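*Asks:* Prediction below, plus the sequence it came from.
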Amino acid sequence: MQSQSQTTSTPSTIDPIVVGTLTRPHPETFKVIGPGEDYMSVTAHLSDAVLKRPLFKGWMLGLFISGLGVMLMTYSIGYLLAKGVGIWGINIPVGWGFDIINFVWWIGIGHAGTFISAVLLLVQQDWRTSINRFAEAMTLFAVACAGLFPALHTGRPWLDYWLLPYPNTMGLWPQFRSPLEWDVFAVSTYATTSLLFWYVGLIPDLATLRDRATFRPLQIVYGIGSLGWRGAAMHWQRYHAAYLILAGLSTPLVLSVHSIVGLDFAASIIPGWHSTIFPPYFVAGAIFSGFAMVLTLGIPMRKWYRLENYITLRHIDNCAKLMIVTGSIVTYGYALESFFAWYSGDEFEIFMDQSRRWSGPYWWSWNLLILCNCIIPLLLWFPKVRINMPLLWVIAGIVNVGMWFERFVIIVPSLHRDFLPSSWGMFWPTFWDWSLFIGTLGFFTFLFLMFCRTLPVISIFEMRELVHQEGHKDAVKEAHGNESGHPAAPTTP
């Protein structure tokens, strides 16, 4: 009974800064799991959210709206295949429009999942445990949305298999010096490794759902997915070995995938693109937008599924701090772009930089991205802002918008004014540009809502391991306190 009362009073127990008490401990002093949690409560809470919780109105409304988005996306793709890419706003000289903008934006969103799952695992950060599962799912769904755009923008997507190096009677091979070919290998490798990493992490939890399910079809489905997992010592040994290998394979992808996307631009001679800063600048921007999406999804999910004991203020605060770091790198990249243009002495680079910022017709987009990505995120330097859930959610959404405009500024203003003034043109998105983009937003949301309904959004077995680790830490602190003759300092506020 005591543990239940502690669990239900979580918000007032672990959020003293929000409540407004006089004592304001720093969020880093918070434990990675709330008080009163044990093996049974963790398993019951996280598995019952899938097996026993009835459908609630918010989830059904979200599924309905996102389903409309999926229908819009399907119709837009069908009309595109029937009519061709001429229904988009692309033209000469702006041959890349919303297709590549959305591709780069979606790929970037998925980077936080890989960073949380692989990099933080290798550096043994235990706070990743509560957010890695849904961040990995976010990565897969974002890559699924991103992969649509390179396939569709070729104009004849039914011939996209030509991009694969398969043996053929003509002896023809893809042009490996083409950035489009680089994207094929980067995205396919990224998607495959992320899927394997996500699925391997799910196997013990699928076995838990199999054992706790009472509906026979669910037992069969989860049993097939768990691959006969019994929790034997040999299973755990092989699991940890495979998980560590996949983490090692995934870690270079954090740097390589978006570096390759950045090289799609940097390898050209177009003013505004030909810059060596693009690969690291793109990686930082990807992680920046990825963590913004983690907070955009995680904060409402934390509330709706009552996960305050598992996604604590420490997780929220750490994600916001990583946004500060990556956002600062992105801001530095913006400054370097202007510096490189000025220092190069190239009149075309200088003209493009000035056209982007104030003299061109798209000056408003550059100023909007500076506001969203550089100025508003400065609020995250204040600890109170980092643990204010509504305000932090709004800031994360603004960053997502700003990072989309960053891709817009990179692509459209750099293309619409060519070397010859006679070739200048304007890009205006059509209804079909917007419909496909909005449709992918609905597709992403639909997949995420279905994931929340059918699989544990937080790793059950890793949370049980965390309960054991935190209990051991508390026992050690209590023992040291007794040896010194003083009571141990409380580990939770």
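*Replies:* Arrived safely.

*Asks:* ok, E37 to D317 distance?
*Replies:* If you measure E37 against D317 using C-beta to C-beta, to the nearest Å, the figure is 19 Å. To be clear about C-beta, it is placed using only N, CA and C from the backbone, and glycine gets the same treatment.

*Asks:* ok, now W158?
*Replies:* Taken as C-beta to C-beta, the spacing of W158 relative to D317 amounts to 49 Å.

*Asks:* between those two, which one's more packed in?
*Replies:* Of the pair W158 and D317, D317 is the one with more neighbours under other C-beta atoms under 10 Å, namely 20 against 8.

*Asks:* Secondary structure element holding the more buried one?
*Replies:* In this structure, D317 sits in helix 313-344 according to DSSP states H and E.

*Asks:* G272 too?
*Replies:* Judged by DSSP H and E, G272 forms part of no helix or strand.

*Asks:* what do you get for F405?
*Replies:* helix 389-415.

*Asks:* pLDDT value on L121, please?
*Replies:* The confidence metric pLDDT takes the value 86 at L121.

*Asks:* who's in contact with it?
*Replies:* The neighbourhood of L121, defined by C-beta atoms under 8 Å, 6 or more residues apart in numbering, consists of 128, 132, 243-244, 247.

*Asks:* Flag every buried residue along the helix holding D317.
*Replies:* Taking 16 or more other C-beta atoms under 10 Å as the basis for neighbour counts, the residues of helix 313-344 that come out buried are 313-324, 326-327, 330-331, 333-334, 337, 340-341.

*Asks:* quick one on the thing from earlier: helices or strands next to the helix holding F405 in the packing?
*Replies:* Helix 389-415 sits against helix 98-109, helix 278-304, helix 313-344, helix 363-370, helix 383-386, with contacts defined as 3 or more C-beta pairs under 8 Å, 6 or more residues apart in numbering; DSSP states H and E.

*Asks:* my guess is G360 contacts R417, does it?
*Replies:* Yes. In this structure G360 lies within contact range of R417 using C-beta atoms under 8 Å: 7.1 Å.

*Asks:* residues contacting Y166?
*Replies:* When contacts are counted by C-beta under 8 Å, 6+ apart, Y166 touches no other residue.

*Asks:* at 10 Å instead, please
*Replies:* 172-174 (C-beta atoms under 10 Å, 6 or more residues apart in numbering).

*Asks:* Which of the helices or strands spans it?
*Replies:* Here Y166, judged by DSSP H and E, is contained in no helix and no strand.

*Asks:* What degree of burial does I92 show, as a neighbour count?
*Replies:* Counted with other C-beta under 10 Å, residues neighbouring I92 total 9.

*Asks:* now do the one 10 residues further on
*Replies:* If you count neighbours by other C-beta under 10 Å, N102 ends up with 23.

*Asks:* show me the contacts for it.
*Replies:* 145-146, 148-149, 153, 404, 407-408, 433, 436-437, 440-441.

*Asks:* any idea how far W404 is from it?
*Replies:* To W404, N102 is 8 Å away according to C-beta to C-beta.

*Asks:* Give me the common contacts of the two.
*Replies:* F437.

*Asks:* Could you tell me how many residues sit around the nearest residue in space to W393 that is not next to it in sequence?
*Replies:* For W393, ignoring the flanking residues on the chain, the nearest one in space by C-beta to C-beta, 6 or more residues apart in numbering is I299 at 4.6 Å. I299 has 19 neighbouring residues, counting by other C-beta under 10 Å.

*Asks:* shift numbering so it begins at 654
*Replies:* Will do, 654 is the new start, and the previous item becomes I952.

*Asks:* P827 touches L833, doesn't it?
*Replies:* Yes. Assessed by C-beta atoms under 10 Å, P827 is found in contact with L833 at 8.8 Å.

*Asks:* shared neighbours, the two?
*Replies:* When C-beta under 10 Å, 6+ apart defines a contact, the residues bordering P827 and L833 alike are L816.

*Asks:* which residue packs closest to L1032, ignoring adjacent ones?
*Replies:* Using C-beta to C-beta, 6+ apart and skipping residues adjacent in sequence, the residue nearest L1032 is V1038, 4.7 Å away.

*Asks:* For the one you found, report the pLDDT, please.
*Replies:* V1038 carries a pLDDT score of 93 in this model.

*Asks:* What residues does it make contact with?
*Replies:* The contact partners of V1038, taken as C-beta under 10 Å, 6+ apart, are 973, 1030-1032, 1044-1045, 1048.

*Asks:* With pLDDT and distance to W851 as added columns, please give those residues in a markdown table.
*Replies:* Conversion of the contacts of V1038 to a markdown table gives the following (pLDDT from 0 to 100; distance: C-beta to C-beta, whole Å):
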| residue | pLDDT | distance to W851 |
| --- | --- | --- |
| A973 | 94 | 25 |
| P1030 | 95 | 29 |
| L1031 | 95 | 34 |
| L1032 | 95 | 33 |
| L1044 | 95 | 31 |
| L1045 | 95 | 26 |
| I1048 | 96 | 28 |
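
*Asks:* Please tell me which one of those counts the most neighbours.
*Replies:* Across the contacts of V1038, the neighbour count under other C-beta under 10 Å reaches its highest value at P1030, namely 26 neighbours.

*Asks:* residues in contact with that one?
*Replies:* Shown in contact with P1030 (C-beta under 10 Å, 6+ apart): 941, 945, 973, 976-977, 979-981, 983-984, 1024, 1038, 1048-1049, 1051-1052, 1055.

*Asks:* Which strands and helices lie in contact with the helix or strand where W851 lies?
*Replies:* Take DSSP H and E as the rule and W851 turns out to sit in helix 832-865. Using 3 or more C-beta pairs under 10 Å, 6 or more residues apart in numbering; DSSP states H and E, the elements in contact with helix 832-865 are helix 692-704, helix 751-762, helix 764-767, helix 785-806, helix 869-878, helix 886-919, helix 1113-1137.

*Asks:* one more time with 7 Å
*Replies:* In terms of contacts (3 or more C-beta pairs under 7 Å, 6 or more residues apart in numbering; DSSP states H and E), helix 832-865 is packed against helix 692-704, helix 785-806, helix 869-878, helix 886-919, helix 1113-1137.

*Asks:* Could you export those helices as JSON lines, including mean neighbour count, distance to G731 and mean pLDDT?
*Replies:* Listed next are these as JSON lines, based on neighbours: other C-beta atoms under 10 Å; distance: least, C-beta to C-beta, whole Å; pLDDT from 0 to 100:
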{"stretch": "helix 692-704", "mean neighbour count": "18", "distance to G731": "34", "mean pLDDT": "89"}
{"stretch": "helix 785-806", "mean neighbour count": "23", "distance to G731": "11", "mean pLDDT": "92"}
{"stretch": "helix 869-878", "mean neighbour count": "14", "distance to G731": "31", "mean pLDDT": "94"}
{"stretch": "helix 886-919", "mean neighbour count": "17", "distance to G731": "28", "mean pLDDT": "90"}
{"stretch": "helix 1113-1137", "mean neighbour count": "15", "distance to G731": "40", "mean pLDDT": "70"}
